[in-house]
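Novice: Please find the sequence and the predicted model below.
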Amino acid sequence: MNSDFSALNDKLSILGMSAKYDASCSSSGSSRKNPEGSGNAVAAGICHSWGEDGRCISLLKVLQTNICSFDCAYCINRKSNDIPRAVFSPAELADLTMQFYKRNYIEGLFLSSAVLKNSDYSMELMLKTVSLLRNVHRFGGYIHLKVMPGADPLLIKRAGFLVDRISANIELPTGESLSLLAPDKKPDKLIGSIKDISSNIRESVDEYRFKRSVTYAPGGQSTQMIIGATPETDKTILNLTESLYKKLSLKRVYYSAYVPVTESSLLPALTKPPLLREHRLYQADWLLRFYGFKAHEILNDEYPNLDMRIDPKTAWAMRNYHLFPVEISTAAYEEILRIPGIGVQSAQRIIKARRFSKLTFEDLKKIGVVMKRAKYFLSCSGKMMNSNFSHDLILAEAGGLYSEIKISELREGQLPLFREQSIPPIEIAQEI
Amino acid sequence: MNIYVYDGNFDSLISLCAELIASKITPENIMTEDKSHGYLFDKIYLSFNQNLYDRLNSRLNQISKTAYAHICAAFLSETEGMEIKIYNYIQTVLRLSLEKNISQQKIDDYLENFADSSIRELNQLSKKVYIERHRFLGLIRFSELSDKTLYAQFEPDHNISLLLAPHFKQRLPKDNWIIHDIARGIGAVYDKEKNDYILCGLENTAGIIYSEEENAFRQIWQRYWKEIAIPERKNPKCQLNFMPKRYWKHLTETENLNR
């Protein structure tokens, strides 16, 4: 490798390392067409590789620079941290993206940055990179841009017209935590950016009627928060998530299990990131988005935290056993969807199949229902799988599911019993 | 025992199914010549019948385009026993279309009735193919040759070149590219001047010359790939689940890691 490439290699190494704690890698939600140049976006998103941590690599996730004037306690790039620093010139980064893209290494670019000089300055640099890609390279692939904390709304507005997805980090679940750990970031400004993006998207969607295409961030807005660095309950986190989806129409909320990148008196002394908690939060998030659950159904003052031993849907069903068993031949889709062991696909198949014949337990199994769990919660033509089930017995047996989970599995965050509903740490984009 | 043998072409299989259905014969099995060596007797050969082929082909398309696509995908799976599953499925589709006063909506709904084994089994096959196709939209790795052509080798389980080519035509219209299924000795070759690709037989290519920059970008990508993983979250099981070892040979990032 000649020296130019060698320098580029080192630079990408530094700026990739500094970017890797960002959770999102999704390349979904946009179907950008590109008649003039290279690259397009596929609505379902495409994963290109998987790292040793099992997270999908879809986008070239990288920082414009990791030189930072902020000193956020949880962040690897805080100015007081002694790490190698670098800056990508916009041209350099745009070229590299094109080289990777045409080799099909990546689906596009996920560009974030540390705060060099100030938020607007970094944001301008990033915009230069993105605008080179779009206007000079005629690049039509996926771009996810991270908005700098408290950036000028006009820059945010410009950015959205160039990219597929845009995100502003909410960072921590409450303003108090943010003020404590990230004194340079102002809670109202972070939320302000999210609101600005949200209204920009809404305007663009309104214009859809005339233009037939959504031009401002067609892949929508996402955000992420760090889990386990601060004392919030899952209930606080889930309620916040729900309002981000409902009030500000976010596409995704990402949770990032806090990885101890530094020792600080402000931070908990963790040895391992709380991966299982992150996993349970993603499961609960799925229930909000695809299963018609409300946050208050999943968690409340009596149960402020997710049960680490069991997935949130089963936990809810066991607390609400009076609603079961659900009769497969007559129940509404929404009710069937709430049966543990039945996912969106199985529920839809049940609705289709039961129009043609009475479904048996055997049919349900073939359709894809996880009977091991579902059997406690459903009936076929008035019968339960084992007619000797009594309410107490069912609760006892379902409760027995708890004890099957070994402690070692808890540590690894892999629960074989609940695989069907388990959500991998990072969104998998699946077409089918 | 009646085993029907065909030449391995899709058209021949459709023609054969048409003939079996027309003459109300239920076959024990349908297979290609090379797979039927174990059977000495009871092998039946039917010659290609253009008329029957045309009729069944257009009939299936008319009943449901989706069903037809599923049949094609199942055929491309090249798995053992796919022919009889296709035959069973075609029978179900035809029977359905002959029901009195059946609406298109009801046909479409029934084609998703997984309690019917002929439908479930065919969908399982086509799903396998679609899943692998989707995987390779991401896992195809091009290398740049000295003449700037982008060249990718891969060895998919199913015969998916034809399903991948339209995607790359849309994505990389300004480059010449080749995706080469070296297991089957075929490939899709795209010509940017013509803005189109052809599917053709491809010999194993000895003496490929890469562009000057190719090696540098490979190394940069390999290092990035290695370092982007978070050590505290190490989870090789999850990685292998999404990216099985059998694919590693042709991935730029893992070419040196594959034993």
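Specialist: That came in fine, so what should we check first? Numbering: from 1, shown residues only, chains lettered A, B, ... in the order given.

Novice: now stretch A:364-384, how far from the centre of its chain.
Specialist: Offset of stretch A:364-384 from its chain centre (CA atoms, centre = their mean, to the nearest Å): 30 Å.

Novice: Let me know whether it sits next to chain B.
Specialist: Yes - shown here: stretch A:364-384 in contact with chain B (CB under 8 Å from any CB of the partner chain) through A:366-368. Placement of C-beta: from N, CA and C, glycine included.

Novice: ends of that stretch, how far apart?
Specialist: 13 Å (CA to CA, to the nearest Å).

Novice: got the buried residues for it?
Specialist: Using 16 or more other CB atoms under 10 Å in any protein chain shown as the test for burial, stretch A:364-384 gives A:364, A:366-370, A:373-380, A:384.

Novice: Take those and keep only those in strands.
Specialist: Judged by DSSP state E, strands contain the following of the buried residues of stretch A:364-384: A:378-379.

Novice: Now the closest residue to chain A within chain B: closest residue in space, sequence neighbours ignored.
Specialist: Relative to chain A, the nearest point of chain B is B:C238 (2.8 Å; CB to the nearest CB). Distances taken as CB to CB, 6 or more residues apart in numbering or on different chains place A:G54 nearest to B:C238, at 2.8 Å, with adjacent residues excluded.

Novice: Name the SS class of the one you found, please.
Specialist: Applying DSSP: H, G, I helix; E, B strand; the rest coil to A:G54 yields a three-state assignment of coil.

Novice: count of neighbours near it?
Specialist: Applying other CB atoms under 10 Å in any protein chain shown, we find 22 residues neighbouring A:G54.

Novice: How about A:E362?
Specialist: Per other CB under 10 Å, the neighbour tally for A:E362 reads 11.

Novice: Against A:P340, how distant is it?
Specialist: Computed with CB to CB, to the nearest Å, the distance linking A:E362 and A:P340 is 19 Å.

Novice: for residue 66, phi and psi?
Specialist: No chain was given, so I picked chain A. Dihedral pair for A:N66: phi -110, psi 10, per degrees, to the nearest 10.

Novice: That one contacts A:A86, correct?
Specialist: Yes - in this structure, A:N66 is within contact of A:A86 by CB atoms under 8 Å, at 6.6 Å.

Novice: so what sits against both of these two?
Specialist: Common contacts of A:N66 and A:A86 (CB atoms under 8 Å, 6 or more residues apart in numbering or on different chains): A:14-15.

Novice: And these two? Which one has more around it.
Specialist: Per other CB under 10 Å, whichever of A:N66 and A:A86 has more neighbours is A:N66, with 26 against 17.

Novice: Tell me where the stretch 1-150 of chain B has strands.
Specialist: Taking DSSP state E, counting those that start in this stretch as the criterion, the stretch 1-150 of chain B contains strands spanning B:3-6, B:29-32, B:43-45, B:143-144, B:150-154.

Novice: Quickly, which of those strands bottoms out on average pLDDT?
Specialist: The minimum mean pLDDT among those belongs to strand B:43-45 (a mean of 87).

Novice: Partner strands of it and their direction?
Specialist: Sheet neighbours of strand B:43-45, with direction, are listed as strand B:3-6 (parallel) (DSSP bridges).

Novice: Please save the CA atoms from the strand it pairs with in CSV.
Specialist: Presented in CSV, the C-alpha positions along strand B:3-6 are these (Å, rounded to 0.1, in the frame of the first residue of the first chain):
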residue,chain,number,x,y,z
ILE,B,3,-41.2,-41.8,-12.1
TYR,B,4,-41.3,-39.1,-14.7
VAL,B,5,-38.0,-37.9,-16.0
TYR,B,6,-37.4,-34.5,-17.6
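
Novice: right, quick check: the lengthiest helix in chain B against chain A, any contact?
Specialist: Within chain B, and with DSSP state H defining each element, the longest helix by residue count is helix B:117-139. Yes - using CB under 8 Å from any CB, helix B:117-139 reaches chain A at B:117, B:120, B:127, B:130-131, B:134, B:137-139.

Novice: can you pull the contacts of the residue of chain B positioned farthest from its centre?
Specialist: With distances taken as CA atoms, centre = their mean, the residue sitting farthest from the centre of chain B turns out to be B:E232, at 38.0 Å. Contacts for B:E232 (CB under 8 Å, 6+ apart) come out as A:259-260, A:272-273.

Novice: Would you mind measuring from the residue of the stretch 1-150 of chain A found nearest chain B to B:R233?
Specialist: In the stretch 1-150 of chain A, no residue comes nearer to chain B than A:G54, which is 2.8 Å away by CB to the nearest CB. Computed as CB to CB, the A:G54 to B:R233 distance reads 7 Å.

Novice: ok, now B:N176?
Specialist: From B:N176 over to B:R233 the distance is 40 Å, taken as CB to CB.

Novice: For those two, indicate the residue with more neighbours.
Specialist: B:R233 (22 against 17).

Novice: In this structure the residue of the stretch 1-150 of chain A closest to chain B contacts B:F242, no?
Specialist: Yes - using CB under 8 Å, A:G54 is in contact with B:F242, at 7.3 Å.

Novice: chain center to the strand or helix carrying B:Q170, what's the gap?
Specialist: Using DSSP states H and E, the element containing B:Q170 is helix B:161-171. Between the centre of helix B:161-171 and the centre of its chain there are 12 Å (CA atoms, centre = their mean).

Novice: Below-threshold pLDDT in chain A: ranges please.
Specialist: Counting by pLDDT under 70, chain A contains low-confidence ranges at A:35, A:211-212, A:214, A:270, A:387-432.

Novice: Okay then, goodbye and thanks.
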